[in-house]
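J.: give me the fold of what follows.
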Amino acid sequence: MNDNRNVILAIVLSMIVLFGWQYFIAGPQLEQAQRQAEIAAQQQAAQDPALATPAADAVPGTAASPQTVNGVQIYAERTEAIAASPRVEIDTLDLHGSINLTGARLDDLELKQYRETTDPASPIITLLTPSGAPNAYFVEQGWVPAAGAEVDVPTAQTVWSVEGENTVLSAENPVTLVWDNGEGLIFRRTFSVDEHYLFTVTQTVENQTEGAVALYPYARVERQGTPQVQNFFIQHEGLHGVLGANNLVSRKYGDLQNDQQITYENTTGWLGFTDKYWATAVLPQPGQTINARFNWRNPGAYDEYQTSFVETAPVVVPPGGAASNETYVFAGAKEEAVITSYEQQYGFDRLELLIDWGWLHFITKPMYYLLNFLYGILGNFGLAILAVTVIVKAIFFPLANRSYASMAAMRRVQPEMKAIQERLKDDRPAQQQAMMELYRKEKINPVSGCWPILIQIPVFFALYTVIFISLDMRHAPFFGWIRDLAAPDPTNIFTLFGLIPWDPTVIPILGGFLHLGVWPVIMGITMWVQMKLNPPPPDPTQAMIFNWMPVIFTFMLGTFPAGLVIYWAWNNTLSVAQQWFIMKRHGAEVNLFGNIVDSFRRKPKPAETTK
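T.: Alright, predicted model coming up:
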């Protein structure tokens with residue numbers, strides 16, 4: 001029995017250490033590294049023209065804010081930056097924004113189907129923002145001349161014109177921009193977009209000179225300023241890509257500040273930035289060989305992060321002819337079905353990895369599909385979570401039956417175990433030997449009771465991953481006060497559920513533990529009741545730990561997504577019913593009510609021995 005409890009105790013303490021390390025050590029260390037890098041403001045080594053952010057990145061000047069930093073026009077508001085240059089509107093079912101005619105950049109994009117909060121009147125999600133505005137984030141394509149060639153190619157400050165009558169980019173109507181360099185080359189850039197989040201960018205060069213021209217296509221995604229991320233180990237947020245034999249390549253913002261530049265030559269694939277629910281990536285044609293790069297610099301005003309590629313094979317434009325190059329941009333929500341369809345339709349290499357399914361992806365993805373299937377039947381993700389819990393319990397019922405049968409057998413021999421402990425209390429090795437003899441005689445495996453918990457841990461983490469990363473869970477309601485299963489329970493017992501107008505979470509150090517809603521309390525109660533199915537362990541230290549365990553988990557799960565807390569509470573409730581049924585079936589006495597009452601009784605002091 002002691003071996004059984006020690007295994008359980010080790011598992012629980014490991015989980016506490018894992019979460020505690022992330023909360024108290026890993027997160028603060030990463031934030032400190034980011035602050036140090038910002039203070040250092042190191043300049044990155046010179047970049048080649050395609051991958052650098054040139055000083056000419058500024059847009060010419062009708063801005064309301066006259067300030068410039070390192071040649072880049074700075075705007076106080078995003079709307080000022082948008083109004084500062086001519087644009088072509090983007091309007092689809094899922095997207096709204098514009099293409100900047102200065103630089104022919106995709107730098108203004110909003111996601112029409114998603115809002116910042118559960119309030120239907122809250123602003124829609126902003127994804128891309130022009131350079132010079134706060135938290136700028138944009139995509140750019142272009143050309144790099146061959147080494148030594150003097151070719152006037154369009155730059156970030158080139159002002160393009162709309163060709164043709166269509167001036168609004170939609171899923172049905174592409175838009176073509178044109179620029180003549182005045183030296184015999186005419187550049188066109190055609191943007192088209194599907195009904196969701198995939199842009200196709202076709203660059204065409206018409207050569208009216210008498211000689212061939214070789215140009216290398218490039219594409220880049222730039223992010224100005226370090227975005228706020230959750231710094232949680234379960235999901236990556238930052239620079240991200242799949243680069244051929246290099247496989248999945250991910251860099252956090254703080255890590256890239258240390259590396260400054262990472263280059264992958266002669267590879268394939270795609271790269272960009274990923275947030276918790278949104279992503280932006282540039283993608284060459286599948287199989288196209290590229291030189292890819294992640295880089296960071298700080299020109300003094302803000303951090304600049306960039307993912308970019310240059311194709312290794314030049315596009316040769318013959319005299320009197322034309323040549324084209326086609327690349328793609330993903331900019332939108334990380335909807336699993338949409339991303340999967342792009343991977344299948346276009347052949348993009350492992351585009352599914354835009355979504356971080358975690359270490360247990362082989363469990364997480366099936367769990368996601370099962371939840372979505374049940375949601376289609378039940379119409380509520382909270383109910384789907386409850387149904388998944390029942391299914392998991394049913395699948396592992398045979399294992400639980402054997403485990404609880406072993407526990408029931410141990411309950412039957414409890415008097416003999418206590419007698420052995422009392423008789424051999426001064427001889428620990430002999431006590432252990434007698435216990436093992438008793439286990440062999442009664443055909444009891446003391447470790448088998450751990451299997452239900454061991455099985456529950458990966459399932460718990462897989463479900464936690466789904467709830468944490470899945471866009472479907474974002475703003476998904478349950479019942480009552482739970483309006484977002486991906487967010488913590490909004491109630492708080494430390495404010496008497498809103499009656500006291502203060503925020504205890506702002507208290508230094510302890511504030512993170514002072515958010516405790518109704519569902520975490522319910523979870524703690526169900527966990528405590530489940531433990532009372534068994535009498536307390538004879539060892540006082542173990543008994544104290546097991547008594548405090550529900551309290552610790554209650555506070556630990558207080559800031560976890562409500563969907564996960566609801567799962568845990570429901571799982572505990574089912575476990576109590578299941579264990580009661582199985583132990584009764586095997587003839588073990590279950591005195592749940594008596595154990596609960598005993599826990600509130602004052603324990604008598606041990607009698608003093610007299611000499």
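
J.: isn't Leu127 right up against Tyr137?
T.: Yes. Using C-beta atoms under 8 Å, Leu127 is in contact with Tyr137, at 7.1 Å. Using the backbone N, CA and C atoms, a C-beta is placed for each residue, glycine as well.

J.: overlap in contacts, the two.
T.: Thr280 (C-beta atoms under 8 Å, 6 or more residues apart in numbering).

J.: these two: who's more crowded?
T.: Tyr137 (24 against 21; other C-beta atoms under 10 Å).

J.: tell me the contacts of that one?
T.: 107, 127-129, 221-224, 273, 280 are the contacts of Tyr137 under C-beta under 8 Å, 6+ apart.

J.: kindly report the same for Val392.
T.: Taking C-beta under 8 Å, 6+ apart, one finds Val459 in contact with Val392.

J.: mind listing what's buried in the helix or strand hosting it?
T.: Secondary structure from DSSP states H and E places Val392 in helix 381-395. Buried residues in helix 381-395, counted by 16 or more other C-beta atoms under 10 Å: 381-382, 384-389, 392-393.

J.: can I get those residues in TSV including pLDDT and distance to Ser308?
T.: Converted to TSV, the buried residues of helix 381-395 look like this (pLDDT from 0 to 100; distance: C-beta to C-beta, whole Å):
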residue	pLDDT	distance to Ser308
Phe381	93	38
Gly382	94	42
Ala384	95	41
Ile385	93	41
Leu386	94	46
Ala387	95	45
Val388	92	42
Thr389	90	45
Val392	86	44
Lys393	86	50
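
J.: format those as JSON lines; extra columns: distance to Phe478.
T.: Formatted as JSON lines, those follow (distance: C-beta to C-beta, whole Å):
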{"residue": "Phe381", "distance to Phe478": "8"}
{"residue": "Gly382", "distance to Phe478": "3"}
{"residue": "Ala384", "distance to Phe478": "10"}
{"residue": "Ile385", "distance to Phe478": "9"}
{"residue": "Leu386", "distance to Phe478": "10"}
{"residue": "Ala387", "distance to Phe478": "13"}
{"residue": "Val388", "distance to Phe478": "14"}
{"residue": "Thr389", "distance to Phe478": "14"}
{"residue": "Val392", "distance to Phe478": "19"}
{"residue": "Lys393", "distance to Phe478": "20"}
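
J.: out of these, who's nearest Ile99?
T.: Checking the buried residues of helix 381-395 against Ile99 by C-beta to C-beta gives Phe381 as the nearest, at 36.2 Å.

J.: and the protein, what are its domains?
T.: Using automatic domain parsing, the domain ranges for the chain come out as 2-12+364-599, 41-356.

J.: what comes into contact with the strand or helix carrying Phe362?
T.: Element membership for Phe362, per DSSP H and E: helix 361-378. For helix 361-378, the surrounding residues in contact (C-beta under 8 Å, 6+ apart) are 336, 357-358, 381, 383-385, 387-388, 391, 458-459, 462-463, 465-466, 470, 472.

J.: where in this protein is the helix or strand with the lowest mean pLDDT?
T.: Sorting the helices and strands of the chain by mean pLDDT, DSSP states H and E puts helix 27-40 at the bottom, at a mean of 38.

J.: so what pLDDT did the spatially most central residue of the chain get?
T.: Of all residues in the chain, the one closest to the mean position by C-alpha atoms, centre = their mean is Gln235, 3.6 Å from it. pLDDT recorded at Gln235 is 85.

J.: got it, and Thr610?
T.: Confidence at Thr610, expressed as pLDDT, is 49.

J.: same question for Pro54.
T.: pLDDT, Pro54: 34.

J.: between the lengthiest helix in the chain and helix 381-395, how many degrees?
T.: Across the chain, the longest stretch assigned as helix under DSSP state H is helix 562-585. Between the axes of helix 562-585 and helix 381-395, defined by axes from the mean of the first three to the mean of the last three C-alpha atoms, to 10 degrees, the angle is 30 degrees.

J.: is the residue lying closest to Ala133 once chain neighbours are set aside within a helix or a strand, and which one?
T.: Distances taken as C-beta to C-beta, 6 or more residues apart in numbering put Ala81 closest to Ala133, at 3.8 Å, once the chain neighbours are dropped. Take DSSP H and E as the rule and Ala81 turns out to sit in helix 78-83.

J.: still on that earlier bit, among the domains of the chain, which gets the worst mean confidence?
T.: The bottom spot among those, by mean pLDDT, belongs to domain 2-12+364-599, with a mean of 80.

J.: report the distance from that domain to the chain centre.
T.: Centre-to-centre, domain 2-12+364-599 and its host chain are 25 Å apart (C-alpha atoms, centre = their mean, to the nearest Å).

J.: enumerate every residue touching Tyr277.
T.: Applying C-beta under 8 Å, 6+ apart, one finds that Tyr277 lies in contact with 114, 333-334, 471, 474.

J.: for Thr92, same thing?
T.: Taking C-beta under 8 Å, 6+ apart as the test, what Thr92 contacts is 170-171, 193, 195.

J.: go with 10 Å
T.: 112, 168-172, 193-197 (C-beta atoms under 10 Å, 6 or more residues apart in numbering).

J.: and for Gly182?
T.: Applying C-beta under 10 Å, 6+ apart to Gly182 gives the contacts Asp152.

J.: how about the helices of the stretch 401-550 of the chain, start to end?
T.: 414-423, 428-442, 451-469, 518-531, 540-556 (DSSP state H, counting those that start in this stretch).

J.: could I have the longest one exported to PDB, CA atoms only?
T.: I take that to be helix 451-469. C-alpha atoms of helix 451-469 as PDB (Å, rounded to 0.1, in the frame of the first residue of the first chain):
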ATOM      1  CA  TRP A 451      -2.900   2.800 -13.500                       C
ATOM      2  CA  PRO A 452      -6.100   4.900 -13.600                       C
ATOM      3  CA  ILE A 453      -4.000   7.900 -12.600                       C
ATOM      4  CA  LEU A 454      -1.200   7.100 -15.000                       C
ATOM      5  CA  ILE A 455      -3.600   6.800 -17.800                       C
ATOM      6  CA  GLN A 456      -5.400  10.000 -16.900                       C
ATOM      7  CA  ILE A 457      -2.300  12.200 -17.000                       C
ATOM      8  CA  PRO A 458      -1.600  12.000 -20.800                       C
ATOM      9  CA  VAL A 459      -5.400  12.300 -21.500                       C
ATOM     10  CA  PHE A 460      -5.500  15.300 -19.200                       C
ATOM     11  CA  PHE A 461      -2.600  17.000 -21.000                       C
ATOM     12  CA  ALA A 462      -4.000  16.200 -24.400                       C
ATOM     13  CA  LEU A 463      -7.400  17.700 -23.500                       C
ATOM     14  CA  TYR A 464      -5.600  20.700 -21.900                       C
ATOM     15  CA  THR A 465      -3.700  21.200 -25.100                       C
ATOM     16  CA  VAL A 466      -6.900  21.100 -27.200                       C
ATOM     17  CA  ILE A 467      -8.700  23.600 -24.900                       C
ATOM     18  CA  PHE A 468      -5.600  25.900 -24.700                       C
ATOM     19  CA  ILE A 469      -4.700  26.100 -28.400                       C
END
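
J.: quick one, it and helix 562-585 angle?
T.: Taking the same axes, to 10 degrees, helix 451-469 and helix 562-585 form an angle of 160 degrees between their directions.

J.: can you check the fourth one too?
T.: With the same axes, to 10 degrees as the basis, helix 518-531 and helix 562-585 are set at 20 degrees to each other.

J.: the inter-axis angle of helix 518-531 versus helix 540-556?
T.: 160 degrees.

J.: now for helix 518-531, which elements pack on it?
T.: helix 540-556, helix 562-585, helix 592-599 (3 or more C-beta pairs under 10 Å, 6 or more residues apart in numbering; DSSP states H and E).

J.: buried set for that helix?
T.: For helix 518-531, the neighbour count (16+ other C-beta under 10 Å) marks 518-524, 526-531 as buried.

J.: closest to Val88 among the residues you listed?
T.: Of those, the one sitting nearest to Val88 (C-beta to C-beta) turns out to be Trp519, at 48.0 Å.

J.: still on that earlier bit, tell me which of the helices and strands packed on helix 518-531 is the most buried.
T.: When those are scored by mean count of other C-beta atoms under 10 Å, the highest mean neighbour count falls to helix 562-585 (a mean of 20).
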